[in-house]
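*Asks:* Sequence first, then the predicted structure, then my questions.
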Amino acid sequence: ALRLSYLRSGGHDPAILDQLLHLQLEATVLEKGTAGLHRGRRMGTPAVPAEPPGTVTHGLDAALLAVERENRRLEDELLALKVRRERRADAGSWAAQRHAEELAQLQAEVRRLRCHAEQTRPWLHPSVLSPPIAAPLPP
């Protein structure tokens with residue numbers, strides 16, 4: 001839960017992720033050890049592991065822990081990729097929204113300037129303007 005919380009809040013430091021994974025593996029080993037002691041213990045008998053260390057079961061447990069660690073590492077990587085993709089999508093939509101706002105502002109400014117230019121343009125009556133220059137007519 002701590003690792004997922006760290007990733008969801010934007011954490012991505014590999015050293016911290018490795019530490020969190022190591023702590024989780026230690027907790028798993030401790031939990032399995034405690035559960036093994038409770039299974040092997042009977043009323044009044046001392047806690048003795050069912051099998052001596054170094055047997056096939058110990059090797060399988062180590063292999064299982066290695067696979068679990070790799071699986072968690074891959075899950076962390078997947079989650080980090082998803083978070084990055086969501087952030088890029090959010091940033092892209094934010095940028096598109098910002099560009100649309102800027103475009104609307106620029107269009108409004110162009111309309112305002114056109115209107116201002118039309119209002120301040122000196123309106124001359126057509127009779128005041130000089131006659132257009134045309135080519136002479138053929139005889």
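*Replies:* It's in. Numbering: from 1, shown residues only.

*Asks:* If you rank every helix and strand of the chain by mean pLDDT, what lands last?
*Replies:* Among the helical and strand segments of the chain, the one scoring lowest on mean pLDDT, DSSP states H and E is helix 14-40, with a mean of 75.

*Asks:* packing partners for that one?
*Replies:* helix 2-8, helix 56-120 (3 or more C-beta pairs under 8 Å, 6 or more residues apart in numbering; DSSP states H and E). Every residue, glycine included, has its C-beta placed from N, CA and C.

*Asks:* Least confident of those helices, on average?
*Replies:* Lowest mean pLDDT within those: helix 2-8, a mean of 81.

*Asks:* Just the CA trace of that helix, in PDB.
*Replies:* Output in PDB follows, covering the C-alpha atoms of helix 2-8 (Å, rounded to 0.1, in the frame of the first residue of the first chain):
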ATOM      1  CA  LEU A   2       2.900   2.300   0.800                       C
ATOM      2  CA  ARG A   3       4.600   1.600  -2.500                       C
ATOM      3  CA  LEU A   4       1.300   2.200  -4.500                       C
ATOM      4  CA  SER A   5       0.700   5.500  -2.600                       C
ATOM      5  CA  TYR A   6       4.200   6.600  -3.400                       C
ATOM      6  CA  LEU A   7       3.800   5.900  -7.100                       C
ATOM      7  CA  ARG A   8       0.300   7.500  -7.300                       C
END
